[in-house]
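S.K.: Below: sequence and its predicted model.
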Amino acid sequence: MAHLILGFCQWLETTPPAVALRDSVWVFNLTEVVHTLGIIFVAGTIMLVDLRLLGLGLKRMPVSDVVSRIVPRTLWGFGLMFVTGGCLFSAEAVKLYNSPAFRIKLVLLSLAGLNALIFHRTIYRQAAAWDTALVVPPRARLAGLLSLILWMCIIAAGRAIAYGPGYDRT
Amino acid sequence: MRQSLLPLFDWYGHTGLARVMSDSAALIATAQIIHLIGMALLIGTIMMVDLTMLGFGFKRHPVSRVARELAPWTWTGLAIMFATGPINLASETQRCYDSSFFWIKMGLILLAVAFHFTVHRRATLAEPPVLASKAKLIACVSLTLWFAIAIAAKFIGFYGEDLREALMSLAGQSIC
């Protein structure tokens, strides 16, 4: 399994678009800038939903309003992050394959996605019953707390990639 | 102006804090991560107010209510950034002093903070709300300023050298 993934990474970074991106410092850096803006967008918006679920922010707004008005904006950011992240990955696939921080980041991203999916499919279905409550059911609070922690850790793991082998901390 | 600040940067780069910071990659990374989390909070809260003014945010709540509810978290984000920013600076005073993007970033921060607590604040808290066209303009200026700070910050890392050299290398690459 591991050598299949490594093989894929080796193939991916020799594809012409990946080579072109790697060789153009300026396009690569700009892609990285957009990727960073994407994560600010994602984390910055989803944190507000989390703060509402934890009863710490947007307290007087119904949970359904907060979720329905903010989550679509989070998805904009996620699209941006995913596209630019995929491009950046293709340019240095093998280096990232070997980066522990990158592997942790992927696991954390999956967990954040799973957490959001479980929240929307279960407790959020009954949101009408606690829509305007300041203190929401424990399971919804837990989802908010997990999301907040996971996104902070994703930011941390992303930064940590730059401190791994082959990177110069920028 | 910039040169007159050199002694200050020199002194700051030789303080105990600067020594401790530049000796530890773990400390530098931690300070950067906290700075980034503060930025997500600061820009996230301001962005949601701006998107509401642009018609992409809350529909059933007035901007003034969104702004008032988010203000404590904007403050929290700003406090985190102002607390960790100088610590990050301590680890690379010379590099920041030499980088045009660092000075651009500082200028943009002054502009953004001044704009946020005057024009932006008055418009977001106004009741009845300001004209939609005026609100949209203010939201665009606000988003541009805050995102420009994030972009300038990212560029400090990319180009330690002078802006002119950076631009020349950009021009050189696009010609090739």
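M.R.: Received the coordinates, thanks. Just so we're clear, the structure is a prediction, and the values are computed from it rather than from any experiment.

S.K.: Write out the residues of chain A neighbouring chain B.
M.R.: With Cβ under 8 Å from any Cβ of the partner chain as the criterion, chain A comes near chain B at residues A:24-26, A:29, A:32-33, A:36-37, A:39-41, A:43-45, A:47-48, A:51, A:57-61, A:65, A:69-70, A:73, A:151-152, A:155-156, A:159-160, A:163, A:169-170. In short, each C-beta sits where N, CA and C put it, glycine included.

S.K.: And those residues, which of them are buried?
M.R.: Neighbour-count burial (16 or more other Cβ atoms under 10 Å in any protein chain shown) is assigned, among those, to A:24, A:29, A:32-33, A:36-37, A:39-41, A:43-45, A:47-48, A:51, A:57-58, A:61, A:65, A:69-70, A:73, A:151-152, A:155-156, A:159-160, A:163.

S.K.: Can you flag which of the residues of chain A next to chain B belong to helices?
M.R.: The helices, defined by DSSP state H, take in A:25-26, A:29, A:32-33, A:36-37, A:39-41, A:43-45, A:47-48, A:51, A:65, A:69-70, A:73, A:151-152, A:155-156, A:159-160 from the residues of chain A next to chain B.

S.K.: tell me the SS of residue 103?
M.R.: Using chain A. Secondary structure state of residue A:103, per DSSP: H, G, I helix; E, B strand; the rest coil, is helix.

S.K.: separation between the residue in chain A positioned nearest to chain B and residue A:61?
M.R.: For chain A, the residue closest to chain B is residue A:44, as judged by Cβ to the nearest Cβ, at 2.2 Å. From residue A:44 across to residue A:61, the span is 17 Å (Cβ to Cβ, to the nearest Å).

S.K.: Then residue A:24?
M.R.: For residue A:24, the distance to residue A:61 equals 45 Å [Cβ to Cβ].

S.K.: do the same with residue B:63
M.R.: Here residue B:63 is placed at a distance of 13 Å from residue A:61 (Cβ to Cβ).

S.K.: can you pull the pLDDT of residue B:86?
M.R.: Looking at residue B:86, its pLDDT stands at 95.

S.K.: Over to residue B:161?
M.R.: pLDDT recorded at residue B:161 is 52.

S.K.: One more: the one 10 residues further on?
M.R.: For residue B:171, the model assigns a pLDDT of 70.

S.K.: Tell me which helix or strand it sits in.
M.R.: helix B:163-175 (DSSP states H and E).

S.K.: which bits of chain B sit near chain A?
M.R.: B:25, B:28-29, B:32-33, B:36-37, B:39-41, B:43-45, B:47-48, B:51, B:56-61, B:65-66, B:69-70, B:72-73, B:147, B:150-151, B:154-155, B:157-158, B:169-170, B:173-174.

S.K.: Which PyMOL command selects the buried ones in the residues you listed?
M.R.: Isolation of the buried members of those (16+ other Cβ under 10 Å) is achieved in PyMOL through the command below:
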select buried, chain B and resi 28+29+32+33+36+37+39+40+41+43+44+45+47+48+51+56+57+58+61+65+66+69+70+73+147+150+151+154+155+157+158
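
S.K.: Now, the residues of chain B next to chain A that are in strands?
M.R.: Using DSSP state E, the subset of the residues of chain B next to chain A located in strands is empty.

S.K.: Residue 109: what's its closest spatial neighbour, skipping adjacent residues?
M.R.: Let's take chain A. Of all residues not flanking residue A:109 in the chain, residue A:154 sits nearest, at 6.1 Å (Cβ to Cβ, 6 or more residues apart in numbering or on different chains).

S.K.: ah, I was thinking of chain B
M.R.: Here the residue nearest residue B:109, using Cβ to Cβ, 6+ apart, is residue B:149, at 5.9 Å.

S.K.: Let me see the contact set for residue A:50.
M.R.: Shown in contact with residue A:50 (Cβ atoms under 8 Å, 6 or more residues apart in numbering or on different chains): A:144, A:145, A:147, A:148, A:151.

S.K.: and the second one, what is it in contact with?
M.R.: What it means is residue A:145. Taking Cβ under 8 Å, 6+ apart, we find residue A:145 in contact with A:50, A:53, A:54.

S.K.: Next: the third one.
M.R.: Shown in contact with residue A:147 (Cβ under 8 Å, 6+ apart): A:46, A:49, A:50, A:53, A:112, A:115, A:116, A:119.

S.K.: Check the residues you listed and tell me the two furthest apart.
M.R.: A:53 and A:112 (14.1 Å; Cβ to Cβ).
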